[in-house]
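> Got a sequence here, can you build the structure:
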Amino acid sequence: MSGSQTPEQVLVAQGDSPSGRRDKDALEGAQCSHRMLSFSDALLSIIATVMILPVTHTEISPEQQFDKSIQKLLATRIAVYLMTFLIVTVAWAAHIRLFQVVGKIDDTLALLNLACMMTITFLPYTFSLMVTFPDVPLGIFLFCVCVIAIGAVQALIVGYAFHFPHLLSPQIQGAAHRALCREHVLGIVLRGPALCFAAAIFSLFFFPVSYLLMAMVIFLPYVSKAAGWCRNRLLVGRGEPPAPSMEFFTFDLHEPLSKERVEAFSDGVYAIVATLLILDICEDNVPNPKDVKERFHGSLVAALRAYGPQFLAYFGSFATVGLLWFSHHSLFLHVRKATQSMGLLNTLSLAFVGGLPLAYQQTSAFARQPHDELERVRVSCAIIFFASIFQFAIWTTALLHEAETLQPSVRFGGREHAFMFAKLALYPCASLMAFASTCFLSRFSTAIFHLMQIAVPFAFLLLRLLVRLALAGLRGLRGLSQREHPLLGHAGEADSQSLLLPAPC
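Residues are numbered from 1 along each chain as shown. Coordinates of the predicted model:
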């Protein structure tokens, strides 16, 4: 190597080797963004999940009945929580799309991303104001201002990255339509804040419209996609060419999000929900020394025994969170890539998973307020049902495009298909049966709910055996049918063979 070579010439001589790219990035002050994205995903999942805290801490005194006014208050707070959770996930999806364009970061981009994250961390406080003072528009206004600030910082990231093209992903750096791509990305990160700007204005004189505009933030990407599809169909019908597409890189809503980032965000939500459960135990179920001395004559064991129902509710709630996570893990283990519709269903499932601390609060209150146990059981069953049924919907949506989305082993008729179906159907069926049972056996609603929480983990342990027995029963019925109708059975033998294969141990 010649001593007169500059560092840049040395890098060119090294070619595109990984070490050469790292050295080149170091000279340009750029770094890989993977660890920053992991940090951002973890923070966003925490912020989205802790939105449930103001709802779980809804004050209901022991003397209060769980009447229609309390039900209306709780339903309103749950609805606002779901809306704000989904708005946070919209910001997360925009962050994913943004860093599909931005391939590397430098110190300035890292600081801008931290500013974005700091603004996002303020959202739970503004949400607390919204649910605590529902008739005061200041909470709505501040929430909208936070969303506007998030969009402004993300727009600064876009402008900065395109001003220094070496920070962009390789597909964008050499693209002929780089300016068009910049406009497209800016549209993605600013359309939600634009609606929130209008919502902030309406909050000053007619705040119900603000809630409508904020809800539109969630569905705007799908409305935009539908409008673009209709426009292109009209242009084709008139013989005009459709709008030019960015073939080098696409932000099409049907383009799958990063499966790894979807899994990381989902794992963060499940982990935080499990953590919130034990935080409630630490806050509410540590005996007061004065009470131990006066009420329980200094016996800590007797004081802890009084909290038995709360600990039972905790173990049942943690098992529910853990098994829902395991179902989610099993599902995405067999998913090759997640389509946009699967991502939306996953977000809806996570929103209700985030509500499981509320279900714990309701079930742990059985001992304190036994006269309201029926309503509390039904609220808890509804949360578990929706958290699990959206998981099942992810599976059925993946089956519609199984060649693109699923591994061969779990496609329709595959060896793992029946087992995966049973695993994802277990919690929806159990929660629905528990809810229906309380309609006929309302006096035993608490026992029914605890029985469901205990029975489902055991059913998970025995599920593969139960599926094998069910498939064996189907084979036996099919054998009887063949003996009664030999020609019909012979004709359907090839078609049904794959459905009756036993799942491997």
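> going forward, measure contacts between C-alpha atoms and count neighbours the same way
Fine.
> show me where this protein has strands.
Secondary structure of the chain (DSSP state E): strands at 31-32, 104-105.
> what are the ranges of the helices in the stretch 301-450 of the chain?
For the stretch 301-450 of the chain, the helices defined by DSSP state H, counting those that start in this stretch cover 308-333, 340-353, 356-364, 373-400, 402-405, 417-440, 445-484.
> same for the fifth one, what does it pack against?
Translated: helix 402-405. With contacts taken as 3 or more C-alpha pairs under 8 Å, 6 or more residues apart in numbering; DSSP states H and E, helix 402-405 sits against no other helix or strand.
> any idea of the mean pLDDT in it?
Helix 402-405 comes out with an average pLDDT of 82.
> Can I get it in PDB? Just the C-alpha atoms.
Backbone C-alpha positions of helix 402-405 (Å, rounded to 0.1, in the frame of the first residue of the first chain) are rendered in PDB as follows:
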ATOM      1  CA  GLU A 402     -50.400 -18.100   3.200                       C
ATOM      2  CA  ALA A 403     -47.900 -18.500   0.300                       C
ATOM      3  CA  GLU A 404     -46.600 -15.000   1.000                       C
ATOM      4  CA  THR A 405     -46.900 -14.800   4.800                       C
END
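> So for it, what gets flagged as buried?
The neighbour-count check on helix 402-405 (16 or more other C-alpha atoms under 10 Å) flags Glu402, Thr405 as buried.
> With stretch 271-290 instead?
Ala271, Ile272, Val273, Ala274, Leu276, Leu277, Ile278, Asp280, Asn285.
> In TSV: the strands of the chain, plus mean pLDDT.
Written out in TSV, the entries for those read as follows (pLDDT from 0 to 100):
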stretch	mean pLDDT
strand 31-32	72
strand 104-105	85
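> hey, which of the helices of the stretch 301-450 of the chain is tucked in deepest?
Compared across the helices of the stretch 301-450 of the chain, helix 356-364 shows the largest average neighbour count, a mean of 24 (mean count of other C-alpha atoms under 10 Å).
> shaky segments in the stretch 1-150 of the chain?
Regions of the stretch 1-150 of the chain meeting the criterion pLDDT under 70 cover residues 1-31, 58-67, 69-70.
> can you tell which of the strands of the chain is closest to Ala470?
Closest of these to Ala470 is strand 31-32, at 50.5 Å (criterion: C-alpha to C-alpha).
> What are the structural domain limits within this structure?
Taking automatic domain parsing as the reference, the chain has its domains at 29-232, 259-500.
> Reformat the strands of the chain as a markdown table; add distance to Gly414.
Conversion of those to a markdown table gives the following (distance: least, C-alpha to C-alpha, whole Å):
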| stretch | distance to Gly414 |
| --- | --- |
| strand 31-32 | 40 |
| strand 104-105 | 41 |
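> any idea which of those strands is most buried?
Taking mean count of other C-alpha under 10 Å as the contact definition, the stretch among those with the greatest mean neighbour count is strand 104-105, which reaches a mean of 23.
> can you tell me which of the domains of the chain the model trusts least?
Averaging pLDDT over each of the domains of the chain singles out domain 259-500 as the lowest, with a mean of 79.
> Pick out the most distant pair among the buried residues of stretch 271-290.
The largest distance within the buried residues of stretch 271-290, taken as C-alpha to C-alpha, falls between Ala271 and Asn285 and amounts to 21.1 Å.
> In PDB, list the C-alpha atoms belonging to stretch 157-170.
What follows is stretch 157-170 as a C-alpha-only set of coordinates in PDB (Å, rounded to 0.1, in the frame of the first residue of the first chain):
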ATOM      1  CA  ILE A 157     -35.000  14.300  10.700                       C
ATOM      2  CA  VAL A 158     -36.200  13.900   7.100                       C
ATOM      3  CA  GLY A 159     -34.800  17.300   6.000                       C
ATOM      4  CA  TYR A 160     -31.400  16.700   7.700                       C
ATOM      5  CA  ALA A 161     -31.000  13.200   6.300                       C
ATOM      6  CA  PHE A 162     -31.800  14.200   2.700                       C
ATOM      7  CA  HIS A 163     -29.400  17.200   3.100                       C
ATOM      8  CA  PHE A 164     -26.600  14.700   3.900                       C
ATOM      9  CA  PRO A 165     -27.300  11.800   1.500                       C
ATOM     10  CA  HIS A 166     -24.600   9.500   2.900                       C
ATOM     11  CA  LEU A 167     -27.000   9.000   5.900                       C
ATOM     12  CA  LEU A 168     -29.700   7.600   3.600                       C
ATOM     13  CA  SER A 169     -30.300   3.900   2.800                       C
ATOM     14  CA  PRO A 170     -28.400   2.700  -0.300                       C
END
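> Okay, buried residues for that stretch please.
Applying a neighbour-count criterion of 16+ other C-alpha under 10 Å, one finds Ile157, Val158, Tyr160, Ala161, Phe162, Pro165, His166, Leu167, Leu168, Ser169 buried in stretch 157-170.
> got a list of what the first one touches?
Which is Ile157. Neighbouring residues of Ile157 by C-alpha atoms under 8 Å, 6 or more residues apart in numbering: Leu109, Leu112, Asn113.
> now, among those residues, which is nearest to Ala75?
Ala75 lies nearest to Asn113 out of the contacts of Ile157, by C-alpha to C-alpha, at 34.7 Å.
> thinking again about what came up before, let me have the buried residues of stretch 271-290 in TSV, extended by distance to Phe390.
Output for the buried residues of stretch 271-290, formatted as TSV (distance: C-alpha to C-alpha, whole Å):
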residue	distance to Phe390
Ala271	19
Ile272	20
Val273	17
Ala274	19
Leu276	22
Leu277	22
Ile278	25
Asp280	26
Asn285	33
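> Which members of those are positioned in helices?
Among those, the ones falling in helices (DSSP state H) are Ala271, Ile272, Val273, Ala274, Leu276, Leu277, Ile278, Asp280.
> what sits against the fifth one?
The one in question is Leu276. For Leu276, the set of contacting residues under the criterion of C-alpha under 8 Å, 6+ apart consists of Pro357.
> for the second one, same thing?
Under the criterion of C-alpha under 8 Å, 6+ apart, the contact partners of Ile272 comprise Ser45, Ile46, Thr49.
> Which ones among those residues lie within helices?
Residues of the contacts of Ile272 located in helices (DSSP H): Ser45, Ile46, Thr49.
> from memory the second one sits against Asp267, does it?
This means Ile46. No - in this structure, Ile46 is not within contact of Asp267 by C-alpha atoms under 8 Å, at 10.4 Å.
> which residues sit in contact with Val292?
Under the criterion of C-alpha under 8 Å, 6+ apart, the neighbours of Val292 are Gly298, Ser299, Leu300, Ala303.
> if we can go back for a sec, looking at the contacts of Ile272, which is nearest Ala91?
Ser45 (11.2 Å).
> My guess is the closest one contacts Arg261. True?
No - between Ser45 and Arg261 no contact is recorded; they are 11.0 Å apart, counting by C-alpha under 8 Å.
> Between those two, which is the more surrounded one?
Legend: neighbour count by other C-alpha atoms under 10 Å for Ser45 and Arg261, higher for Ser45 (25 against 17).
> what separates that one from Arg77, distance-wise?
With the distance defined as C-alpha to C-alpha, to the nearest Å, Ser45 ends up 20 Å from Arg77.
> go on, Val286?
Using C-alpha to C-alpha, Val286 is found at 28 Å from Arg77.
> Okay then, goodbye and thanks.
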